[in-house]
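Colleague: no sequence for this one, just the structure:
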């Protein structure tokens with residue numbers, strides 16, 4: 001029997017692997033998806049309940065209330081924003097707008113798992129540039145990878161899953177080597193957790209006006225705790241944003257999601273408090289792991305990275321045997337990302353790994 005055949009690049013797509021969720025038989029400690037361990041701001045649940053009473057009606061396709069709020073928050077014109085169903089959708093729409101069959105999209109690797117998938121969906125060719133030994137972007141090598149076929153560059157800062165952020169100085173030097181015709185997507189999904197004053201900040205890059213080919217990506221999924229509702233956005237020059245907005249799926253942000261995002265924005269203190277707690281826990285977890293002998297890169301996200309190579313599976317097994325089991329995000333043959341959770345959850349990880357790499361049954 002003959003069936004319709006997909007485009008070759010779609011047939012070859014690698015699957016997106018989400019963070020582990022466990023099974024129904026036991027409630028695990030879920031440190032696999034970089035979720036906020038605190039509930040969202042107090043007014044969010046009420047906003048969701050109120051919006052839920054009218055879900056028989058289509059949402060405002062223009063997402064007008066959220067556009068107005070975000071424009072005010074960032075001090076930009078609404079035409080400089082594209083609101084999407086999560087920041088991963090913003091990346092996808094940007095690639096739809098600016099990448100094409102025959103073009104190349106350059107990004108660091110290992111980085112966000114969706115980058116090669118979204119690139120191939122757009123029909124473009126992914127170009128992976130290895131990270132430096134300290135798990136940072138090799139921005140010099142990324143600039144050197146630019147060819148006349150390069151249409152988009154993606155910089156993830158802080159980098160998911162390894163943690164380091166690019167510095168403002170590094171980013172400026174990098175941008176000096178990037179042609180104005182190449183779109184640079186600065187993915188700041190974890191920006192709120194950045195404590196390093198030297199780190200690049202997309203808002204400052206945009207405000208300078210020096211790089212009209214930069215678009216910054218943000219999300220409500222992480223620091224704001226709205227991962228289950230899917231709201232993200234892109235910020236950039238209006239002329240660059242307009243083609244991205246043209247690709248946004250109609251009605252992709254639900255009325256419930258818009259209402260929740262507005263409620264979260266109305267209580268920035270709740271977000272700031274949750275972020276401060278997570279950053280403090282991140283500092284404690286990194287210090288504890290390093291004291292035990294683990295090699296942990298400097299993380300500016302809400303997670304830490306253990307680059308264990310072939311011993312990654314042993315780490316997953318070790319944490320999975322705890323009671324309750326601790327679920328983390330492995331990258332086979334490379335390493336594992338451990339999200340920063342509540343204090344007791346982090347305590348469980350530190351206790352399980354207190355013996356250092358010997359906890360995996362070796363002396364490495």
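Modeller: Yep, that arrived. In this text, all values refer to a predicted model and were calculated from it rather than measured experimentally.

Colleague: which residues does the residue nearest to residue 147 when sequence neighbours are not counted contact?
Modeller: Closest residue to residue 147 apart from its sequence neighbours, by Cβ to Cβ, 6 or more residues apart in numbering: residue 104 at 6.5 Å. The way it works is simple: take the backbone N, C-alpha and C, and place the C-beta from them, glycine included. Residue 104 makes contact with 124-127, 147, 149-151, according to Cβ atoms under 8 Å, 6 or more residues apart in numbering.

Colleague: Going through the residues you listed, which ones are buried?
Modeller: By neighbour count, with 16 or more other Cβ atoms under 10 Å, the contacts of residue 104 hold 124-127, 150-151 as buried.

Colleague: which ones among those are found in strands?
Modeller: Counting by DSSP state E, the part of the buried ones among the contacts of residue 104 found in strands is 125-127, 150-151.

Colleague: part of a strand, is residue 192?
Modeller: No: using DSSP: H, G, I helix; E, B strand; the rest coil, the secondary structure at residue 192 is helix, not a strand.

Colleague: Let me know the pLDDT of it.
Modeller: Taken from the predicted model, the pLDDT recorded for residue 192 is 98.

Colleague: Point to the residue nearest the middle of this protein.
Modeller: When the chain is reduced to its mean C-alpha position, the nearest residue by Cα atoms, centre = their mean turns out to be residue 189, at 4.3 Å.

Colleague: Correct me if wrong: it contacts residue 90.
Modeller: No: no contact is recorded between residue 189 and residue 90 when judged using Cβ atoms under 8 Å, the distance being 10.0 Å.

Colleague: Quickly list what's touching both of the two.
Modeller: Common neighbours of residue 189 and residue 90, using Cβ under 8 Å, 6+ apart, are 217, 232.

Colleague: and residue 278, what element?
Modeller: Residue 278 belongs to helix 268-291 when elements are defined using DSSP states H and E.

Colleague: Can you spell out which helices and strands pack onto the very next helix or strand once past that helix?
Modeller: Counting by DSSP H and E, the next helix or strand C-terminal to helix 268-291 is strand 303-306. Packed against strand 303-306 by the contact rule (3 or more Cβ pairs under 8 Å, 6 or more residues apart in numbering; DSSP states H and E) you find helix 268-291, strand 335-339.

Colleague: Let me see the contact set for residue 192.
Modeller: Contacts here follow Cβ under 8 Å, 6+ apart; on that basis residue 192 touches 222-223, 271, 275.

Colleague: ok, 7 Å please
Modeller: Each residue near residue 192 by Cβ atoms under 7 Å, 6 or more residues apart in numbering is listed here: 223, 271, 275.

Colleague: Check residue 281 too.
Modeller: With Cβ under 7 Å, 6+ apart, residue 281 has these contacts: 340, 343, 346.

Colleague: so when I look at residue 185, I'm seeing a strand, right?
Modeller: Yes: inclusion of residue 185 in a strand is indicated when three-state DSSP is applied.

Colleague: Quick check: residue 13 vs residue 6, distance?
Modeller: 9 Å (Cβ to Cβ, to the nearest Å).

Colleague: The nearest residue to residue 50 once chain neighbours are set aside: which element?
Modeller: Here the nearest residue to residue 50 in space, its sequence neighbours aside, is residue 259; by Cβ to Cβ, 6+ apart that works out to 6.9 Å. When secondary structure is defined using DSSP H and E, the element that contains residue 259 is helix 255-265.

Colleague: pLDDT averaged over that helix - what is it?
Modeller: Helix 255-265 comes out at a mean pLDDT of 98.

Colleague: for that helix, the distance to its chain's centre please.
Modeller: Put simply, helix 255-265 sits 20 Å off its chain's centre (Cα atoms, centre = their mean, to the nearest Å).

Colleague: now do stretch 169-178
Modeller: For stretch 169-178, the distance from its own C-alpha centre to the chain's C-alpha centre is 22 Å (Cα atoms, centre = their mean).

Colleague: rewinding a little: counting neighbours, go ahead and name the busier of residue 13 and residue 6.
Modeller: Just comparing residue 13 and residue 6: by other Cβ atoms under 10 Å the higher neighbour count belongs to residue 13, 15 against 10.
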